[in-house]
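**Student:** Pasting the sequence and the predicted model now:
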Amino acid sequence: MQYLISVIDDTAGLATPEEDAAIDVFNERLQSQGYWVFAGGLGAPVSATVIDNRGAEPMITDGPFVESKEYLAGFWVIEAADLDVALELATEGSKACNRKVEVRPFL
Amino acid sequence: MKEAGPLAAVARAHRDEWARVVAALARRFGDLDIAEEAAAEAFATAVERWPSDGVPANPGAWLTTTASRKAIDRIRREDKRGDKQKEAQLLHDDDPSGPPGPIDDERLRLVFTCCHPALAMEARVALTLRMVGGLTVPEIARAFLVQESAMGQRITRAKAKIKAARIPYRVPSAQDLPARVGGVLAVLFLVFNEGYLATGPGTDPVRHDLTAEAIRLTRLVRALLPDDGEVAGLLALMLLAEARRTARVGASGELVTLDEQDRGAWDAALIAEGHRLVRERLATRVAPGRYQVLAAISAVHTSARDVRDTDWSQVVALYDQLVRLDPSPVIALNRAIAVAELDGPEVALAAIDRLENRLAGYHPYHAARADLLRRLGRGGQARAAYDRAIELAGNTAEIAFLTRRRDQLG
């Protein structure tokens, strides 16, 4: 079963060197113990571009599709047996990146 | 004396076997929804069949087997479109005699799944009452003054989350167990308190159905986790409160405070059982958690034949212990109320006034202040405090009591 761990940020700053180091340690644990699928950090919301090609012409607009104080700063995709395992890893991940995280199962 | 007749046997089986049947099916089919529906159908079948066929020798086994067949029927219906392989698997597994693992573990799994911290508190309460307690959705809706459809949705959503997020059907690891047991006990205590201090103008001040259900479920959890001190503590706490239930509300529907209760009307058997549990925990010499300390405080109160015999220094010492475990302002308030009996209302009032910032919206804070101000002869301030307490209180018996006290002020 795969879970998405979203990193929710409400500050403007990037991760500090200490946070980066803690994230590296956490990532190594995910990899060595077989939980790792994929992970990444995202550019700030101002760097986002929205495309809507549901109509006749593709529409390209600048900026994130929702303006909010909290935004997605990065994510992990993990493989875990059940929610308890995912929650345990997410709890460590939150500590490592020093941000709030959200856990959601993939369908 | 046991009730007679097949329908009484169904009622008894429902009380004793519901959780076991749901738990066994949930384990076998890995789906709470199927387990719940099939269990309900099996009991409905028992209502139809037992009066003519007779009550089976082993009602629990009969119900589990019948429910398993219902579940397989449902899965087959849903699988008509394809998945023949899955159907074949289920057929191979059609063996009612061999449930995997000890049966008690299955009920415990059910309890921990229903009380999982990833579910909202109100969903945990509803799910536990439905899956473990066997209450119907309309019964739970009535208990919490919620529309039936809203309660049904709450339970459906919780079951959907358990399935989609794969909340495990498992007893937590030893390392997580204390915290997770704490979560289960919080659910049970909430059910009990909703019965003991029912809120809302349209309800009885004490809802015996809810207190009784909370006690029944806590007894079950105690049977499953006999060595857990906090489970024993919570059960003792509930029993010692339940023992005073009838003495707590007067004929006029007014709350009767502990010092004015007719102690002869307390239930001696429940008190004896509560005291026995508290003594057992003391004898283990394991440091008690908060429920055990709260139960010990109740035990001191219920040991006094007359309120004047209350060992207040013991009560305050136990509150001191509780403050160290739980430094919340509510505990500090209750400690101050006990201090009033030991050191006088003036000392207590000074302690209570320090809690104002944090408890200004909590009616017991204003009720306790009002009482102390009344005893100190400060009528005007007492009246204002009673007014505030009445405004914030939700329990009809308590409002009646506070109103009378206020109106008796000179």
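**Tutor:** Nice, thanks for sending it over.
**Student:** Neighbours of the closest residue to chain A within the stretch 1-150 of chain B, how many?
**Tutor:** Nearest to chain A, among the residues of the stretch 1-150 of chain B, is B:Ala118, at 6.0 Å (C-beta to the nearest C-beta). Yep, even glycine has a C-beta here, placed from its N, CA and C like the rest. Counted by other C-beta atoms under 10 Å in any protein chain shown, the residues lying close to B:Ala118 total 16.
**Student:** Surely it is within a helix?
**Tutor:** No - B:Ala118 is assigned coil when assessed by DSSP: H, G, I helix; E, B strand; the rest coil, not a helix.
**Student:** how about low-confidence regions in the stretch 51-200 of chain B?
**Tutor:** Within the stretch 51-200 of chain B, the segments meeting pLDDT under 70 span B:81-104, B:200.
**Student:** Spell out which parts of it neighbour chain A.
**Tutor:** Taking C-beta under 8 Å from any C-beta of the partner chain as the test, the list of the stretch 51-200 of chain B residues beside chain A reads B:116, B:118, B:164-168, B:170, B:172, B:176.
**Student:** Return the closest of those with respect to A:Asp10.
**Tutor:** For those, the residue nearest A:Asp10 by C-beta to C-beta is B:Ala118; the value is 22.4 Å.
**Student:** Let me know the pLDDT of the residue in chain A positioned nearest to chain B.
**Tutor:** Of all residues in chain A, A:Asp82 sits closest to chain B, at 4.0 Å by C-beta to the nearest C-beta. The model reports A:Asp82 with a pLDDT of 94.
**Student:** And the one 3 residues further on, by the same measure?
**Tutor:** Each residue has a pLDDT score; the one for A:Val85 is 95.
**Student:** quick one: contacts for it?
**Tutor:** Contacts for A:Val85 (C-beta atoms under 8 Å, 6 or more residues apart in numbering or on different chains) come out as A:Tyr35.
**Student:** Which of the helices or strands spans it?
**Tutor:** A:Val85 belongs to helix A:83-97 when assigned by DSSP states H and E.
**Student:** State the number of residues packed around the nearest residue to B:Glu17 once chain neighbours are set aside.
**Tutor:** Once flanking residues are discounted, B:Glu17 sits nearest to B:Gly60: 4.3 Å by C-beta to C-beta, 6 or more residues apart in numbering or on different chains. Neighbour count of B:Gly60, defined by other C-beta under 10 Å: 16.
**Student:** Extract the C-alpha set from the strand or helix carrying B:Gly60 and format it as CSV.
**Tutor:** Of the helices and strands defined by DSSP H and E, B:Gly60 is found in helix B:59-78. Output of helix B:59-78 as CSV, limited to C-alpha atoms (Å, rounded to 0.1, in the frame of the first residue of the first chain):
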residue,chain,number,x,y,z
PRO,B,59,-25.9,-19.3,20.4
GLY,B,60,-22.5,-17.5,19.7
ALA,B,61,-21.3,-20.2,17.3
TRP,B,62,-24.7,-20.3,15.6
LEU,B,63,-24.7,-16.6,15.1
THR,B,64,-21.1,-16.5,13.8
THR,B,65,-21.8,-19.3,11.3
THR,B,66,-25.1,-17.7,10.2
ALA,B,67,-23.4,-14.3,9.9
SER,B,68,-20.5,-15.8,7.9
ARG,B,69,-23.0,-17.3,5.4
LYS,B,70,-24.7,-14.0,5.1
ALA,B,71,-21.4,-12.3,4.4
ILE,B,72,-20.4,-14.8,1.8
ASP,B,73,-23.8,-14.4,0.1
ARG,B,74,-23.2,-10.6,0.0
ILE,B,75,-19.7,-11.0,-1.4
ARG,B,76,-21.0,-13.4,-4.0
ARG,B,77,-23.7,-11.0,-5.0
GLU,B,78,-21.2,-8.2,-5.3
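**Student:** and that helix, which residues are buried?
**Tutor:** The neighbour-count criterion (16 or more other C-beta atoms under 10 Å in any protein chain shown) identifies B:59-72, B:74-75 as the buried residues of helix B:59-78.
**Student:** Check which helices and strands that helix sits against.
**Tutor:** Counting by 3 or more C-beta pairs under 8 Å, 6 or more residues apart in numbering or on different chains; DSSP states H and E, the packing neighbours recorded for helix B:59-78 are helix B:6-29, helix B:32-53, helix B:84-92.
**Student:** Just name the most buried of those.
**Tutor:** Mean neighbour count (mean count of other C-beta atoms under 10 Å in any protein chain shown) peaks for helix B:6-29 among the helices and strands packed on helix B:59-78, with a mean of 21.
**Student:** what's the spacing between that helix and its chain's center?
**Tutor:** The chain centre lies 20 Å from the centre of helix B:6-29; the measure is C-alpha atoms, centre = their mean, to the nearest Å.
**Student:** hang on, the earlier thing: now, of the residues of the stretch 51-200 of chain B next to chain A, which are buried?
**Tutor:** Applying 16+ other C-beta under 10 Å to those flags B:116, B:118, B:165-168, B:172 as buried.
**Student:** Could you pick out the residues of chain A near chain B for me?
**Tutor:** Contact residues (C-beta under 8 Å from any C-beta) of chain A with chain B: A:1, A:81-84, A:87, A:103-105, A:107.
**Student:** which parts of the helix or strand hosting B:Glu273 are buried?
**Tutor:** Element membership of B:Glu273 [criterion: DSSP H and E] is helix B:268-284. For helix B:268-284, burial by neighbour count (16+ other C-beta under 10 Å) applies to B:270-271, B:273-275, B:277-278, B:281.
**Student:** For that helix, give the mean pLDDT please.
**Tutor:** So the average pLDDT for helix B:268-284 ends up being 96.
**Student:** try stretch B:298-310
**Tutor:** Rounded mean pLDDT across stretch B:298-310 is 95.
**Student:** give me every residue that touches the residue of chain A closest to chain B.
**Tutor:** For A:Asp82, the contacting residues are A:1, B:166-168, B:170, by C-beta under 8 Å, 6+ apart.
**Student:** from the middle of its chain, how far away would the helix or strand hosting B:Pro138 be?
**Tutor:** Using DSSP H and E, B:Pro138 maps to helix B:137-143. Taking the mean of its C-alpha atoms, helix B:137-143 sits 15 Å from the chain's own mean (C-alpha atoms, centre = their mean).
**Student:** What is the helix or strand following it packed up against?
**Tutor:** Scanning forward in sequence from helix B:137-143 by DSSP H and E, the next helix or strand is helix B:148-164. Contacts defined by 3+ C-beta pairs under 8 Å, 6+ apart place helix B:148-164 against helix B:32-53, helix B:121-127, helix B:137-143.
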